[in-house]
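S.K.: Model the structure of this input:
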Amino acid sequence: MNPTSGAAHLGARGTARPATAHPQPPTRTSHPKRIAIIGGGPGGLYAAALLKRLDPTRKITLWERNAPDDTFGFGVVLSDETLGGIEHADPAVYEALQQHFTRWDDIDIVHRTTRHTSGGHGFAALGRQQLLEILHARCRELGVELRFRTEAPYPAWLAETYDLVIAADGVHSTTREAYAQEFRPRLTTHRCRYLWLAADFAFDAFRFEIAETEHGVMQLHGYPYAPDASTVIVEMREEVWRAAGFNENENENEPNESNTGPSVDRCAKIFADALGGRPLRANKSTWTTFRTVVNDRWSHGNVVLLGDAAHTAHFSIGSGTKLAVEDALALAACLEERPTLAEALAAYEEERRPVVESTQRAARASLEWFENLPLYLDQPPRQFAFNLLTRSRRVTHDNLRLRDPHFTAAVEREFGCPPATPPMFTPFRLRGLTLRNRVVVSPMDMYSATDGVPGDFHLVHLGARALGGAGLVMTEMVCVSAEGRITPGCAGLYTDQQAEAWRRIATFIHSQAPGTALGIQLGHSGRKGSTKLMWEGMDEPLAGDGNWPLVAASPIPYRPGSQTPHELTRTQLAAIREQFTAAARRAADADFDLLELHCAHGYLLSGFLSPLTNHRTDVYGGPLAARLRFPLEVFDAVREVWPDERPMTVRISATDWADGGTTAEDAVTIARAFVDHGADAIDVSTGQVVADERPEYGRSYQTPFADRIRHETGAPVIAVGAISSWDDVNSLILAGRTDLCALARPHLYDPNWTLHAAAEQGYEGPGVVWPAPYRAGSRRPRTGRTDAPKPRLTLGS
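M.R.: Sure, this is the predicted structure:
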């Protein structure tokens, strides 16, 4: 990441241009002849070289405010995927890079004097200065005009003068800021400080080293980029940085290398073992906090963002330069393929945005893992190493097993996996219940009951998932009263007829799928009740006379047009508490193995927990301890009537995904309160509390909340949310981020998901049992071949 590349703009003759000037509309052709590039980092330079090579008649001018031999940072890591794209697009650049690469396979993780090494990863790095020199030479060879030590003209003037303006001017892009209303950038500053340094020797692996100091935890990220040089990044939380006095050497308003010197020497002493007593050196190095850059749009008129100007990804997954180079490849290809510039810029963003967003999600997971590093320090040593390696969710149990089977087998042995047993098929005990594996069929509302009575559909639905091998099958939210239903199709447990119907289902599962536990989730809809069936209009109120009155912690409708609930009185609270205990008694009689109290997703009990939905002024409102009062009263009442040997869990929303709502810190407090009252595990979901939430969706996106609760409270947790593969389940369990994994949609897609997971892994053992009639299908069917994708852009030499 080059934070200063092209960071200022002047008019054509050195006068400032008005910020209100607008870029010209994209030309009709997608083969612009006059191209301006702001910023001389790898992304801007490589875009210039590619576009000039595609059409030598183009006039391409690149502005860079710094000298050609100025650079920031030291080494650059590129993946084999990126190098393959460069090789096909420009063999000359690829050959030049090949001559300078330092390659290695291992990752070393050093913690509490113990080093664990994992191999088979495959890295290639070179010096950033070498990379720039190669790209400078290629641009000059092709005829690109490079203007160093020159501020770029203001982007509005460039947009009026050139057919295309590529803003590759870094994380502090003034082009992006000039058109902020159009690009709509969002910048997030994170919680760690880091210092980018170098050492004059080559590590023999990618090295992570943890230092537990009197001031707090610090970490070193190091990798070789030349036979005699390594990049070294020292990182720590802001409060640790201040406690250690590093801020005393810094003028935070005007940071510069001269006052970073004492920090460099101290870092060398702290990590003397890793460095072998060698010194560290700086290069325009200052303590920095990482900023994640996201833009709603990447182009406006004929101006397009590229690299860090458009997006950033934390250095712990090494993707800044990689993403910029891949942006350049995609932009050049789209300009070549599409008939108009507007279509080309739209295609460029459409192609790159999903890749970038996926990378940013992985980078954020990695960044937050290091921010929360102290949580994991007491893990068993190999599990700690595995957790670090899989922190971004890009490296998983399965591909780590392929890369380094000996390391992965050692982690599994330490975890307690019997031979040839994937982590997901190890047992887990909750109170008097032992689950034979770690897979849970997550509660899923089916909206298919009649007057709250589960019918044949529920028997088949739940029975099929039980036969499918999961350790625990959960019902949908079963409502404790008719008025507590979400829709007319919701199941209940407030009549004897309903109880008998549930007993029928439990009897089938216990007799036909022995070893599978059946859990019931009890809840009350609160302000989200009296709505249409999901497929008729999710959260839309019922029409006409079908509505029933709603109750909630406070008289706040779920969304505009929703019914306003009545605020519950003390008498009504007592009545609802009794409804929960009556349902729990019926659940015990119906032979359920586990009971979960639903305190998530904005339903009644969740509505008491969130400050966005609880505005009460009595003892049940105000600070979190008071907002917890009624949900804990219900929990205590249910626990009292629920058989002592059977476990109880609680589902919570660990964040509201909305300003002013429940935070991750609040979630830990909520979880700890329920655990202190006897909860055997916390089922950690998020959101659905307020209609204007902004969730950060992605692969297993809710798991970090479960991870934090597990490590801060010491209680077992159930992770849920976009966990879709058995590889994800194995990875999360083995890393210690969760104890159980609840999957919903995968079980809708495949009722036999767990059986198939066993077959695909070649597992046969007590962790999953094929029903006798299904055993003939216990081997994975053969599939046809799949061909690798063709290179994105291929040009002749």
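S.K.: Show me where the stretch 551-700 of the chain has its strands.
M.R.: All strands of the stretch 551-700 of the chain, identified by DSSP state E, counting those that start in this stretch, fall at 551-552, 566-567, 594-599, 648-653, 681-685.
S.K.: For Ala758, find the nearest of these.
M.R.: Of all the strands of the stretch 551-700 of the chain, it is strand 594-599 that lies closest to Ala758, at 22.5 Å by CB to CB. Using the backbone N, CA and C atoms, a C-beta is placed for each residue, glycine as well.
S.K.: still on that earlier bit, mind putting the strands of the stretch 551-700 of the chain into CSV with mean neighbour count?
M.R.: Converted to CSV, the strands of the stretch 551-700 of the chain look like this (neighbours: other CB atoms under 10 Å):
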stretch, mean neighbour count
strand 551-552, 24
strand 566-567, 16
strand 594-599, 26
strand 648-653, 27
strand 681-685, 28
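S.K.: Now tabulate those strands in TSV and tack on distance to Ala333 and mean pLDDT.
M.R.: TSV is the format used below for these (distance: least, CB to CB, whole Å; pLDDT from 0 to 100):
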stretch	distance to Ala333	mean pLDDT
strand 551-552	54	98
strand 566-567	59	98
strand 594-599	49	98
strand 648-653	43	98
strand 681-685	41	98
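S.K.: want to try CSV for those strands, with distance to Ala482 as columns?
M.R.: CSV is the format used below for these (distance: least, CB to CB, whole Å):
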stretch, distance to Ala482
strand 551-552, 13
strand 566-567, 16
strand 594-599, 17
strand 648-653, 22
strand 681-685, 25
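S.K.: right, and the ones you listed - which one's nearest Ser79?
M.R.: Between Ser79 and these, the shortest gap by CB to CB is with strand 681-685, which sits at 32.6 Å.
S.K.: Make sure Thr677 is actually in contact with Glu633.
M.R.: Actually, residue 677 is His. It isn't Thr. No. When contacts are counted by CB atoms under 8 Å, His677 is not listed as touching Glu633 (9.7 Å).
S.K.: follow-up on the earlier one: ok, which of the strands of the stretch 551-700 of the chain comes nearest Pro224?
M.R.: Ranked by CB to CB, the member of the strands of the stretch 551-700 of the chain that lies closest to Pro224 is strand 681-685, at 39.7 Å.
S.K.: now the angle from the helix or strand just after the closest one to strand 648-653?
M.R.: Using DSSP states H and E, the next helix or strand after strand 681-685 towards the C-terminus is helix 703-713. Following axes from the mean of the first three to the mean of the last three CA atoms, to 10 degrees, one obtains 130 degrees for the angle between helix 703-713 and strand 648-653.
S.K.: Check which helix or strand Gly85 maps to.
M.R.: Using DSSP H and E, Gly85 maps to helix 80-89.
S.K.: mean confidence for that helix?
M.R.: Averaged across helix 80-89, pLDDT comes to 83.
S.K.: Put the alpha carbons of it into CSV.
M.R.: The C-alpha coordinates for helix 80-89 follow below in CSV (Å, rounded to 0.1, in the frame of the first residue of the first chain):
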residue,chain,number,x,y,z
ASP,A,80,0.8,-17.9,-8.0
GLU,A,81,-2.6,-16.9,-9.3
THR,A,82,-1.5,-13.3,-9.8
LEU,A,83,1.8,-14.4,-11.4
GLY,A,84,-0.1,-16.6,-13.8
GLY,A,85,-2.2,-13.6,-14.9
ILE,A,86,0.9,-11.5,-15.4
GLU,A,87,2.6,-14.4,-17.4
HIS,A,88,-0.2,-14.6,-19.8
ALA,A,89,-0.7,-10.9,-20.2
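S.K.: Return the helix or strand in this structure with minimum mean pLDDT.
M.R.: Ranked by mean pLDDT, DSSP states H and E, the weakest helix or strand in the chain is strand 9-10, scoring a mean of 44.
S.K.: what bits of the stretch 101-250 of the chain have low per-residue confidence?
M.R.: Residue ranges of the stretch 101-250 of the chain with pLDDT under 70: 249-250.
S.K.: all helices of it, in order?
M.R.: Assigned by DSSP state H, counting those that start in this stretch, the stretch 101-250 of the chain shows helices spanning 128-142, 155-161, 174-178, 180-183, 238-243.
S.K.: same check, this time on the stretch 551-700 of the chain
M.R.: Assignment of helices within the stretch 551-700 of the chain using DSSP H, counting those that start in this stretch yields the ranges 570-589, 604-609, 624-627, 629-641, 664-676.
S.K.: for these, which one ends up most surrounded?
M.R.: helix 604-609 (a mean of 28; mean count of other CB atoms under 10 Å).
S.K.: Grab the CA positions of that one and hand them over as PDB.
M.R.: Output of helix 604-609 as PDB, limited to C-alpha atoms (Å, rounded to 0.1, in the frame of the first residue of the first chain):
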ATOM      1  CA  LEU A 604     -40.000 -10.900  22.500                       C
ATOM      2  CA  LEU A 605     -37.100 -11.800  24.800                       C
ATOM      3  CA  SER A 606     -34.600 -10.300  22.400                       C
ATOM      4  CA  GLY A 607     -36.600  -7.100  22.400                       C
ATOM      5  CA  PHE A 608     -35.900  -6.700  26.100                       C
ATOM      6  CA  LEU A 609     -32.100  -7.100  25.500                       C
END
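S.K.: And the helices in the stretch 401-550 of the chain?
M.R.: 405-415, 456-467, 496-512, 534-537.
S.K.: Let's have those in CSV, adding mean neighbour count and mean pLDDT.
M.R.: Converted to CSV, the helices of the stretch 401-550 of the chain look like this (neighbours: other CB atoms under 10 Å; pLDDT from 0 to 100):
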stretch, mean neighbour count, mean pLDDT
helix 405-415, 17, 97
helix 456-467, 19, 98
helix 496-512, 17, 98
helix 534-537, 12, 90
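S.K.: and Pro565, which of those helices is closest to it?
M.R.: helix 534-537 (19.1 Å).
S.K.: List of residues touching the closest one?
M.R.: Asp445, Tyr447, Thr487, Thr531 (CB atoms under 8 Å, 6 or more residues apart in numbering).
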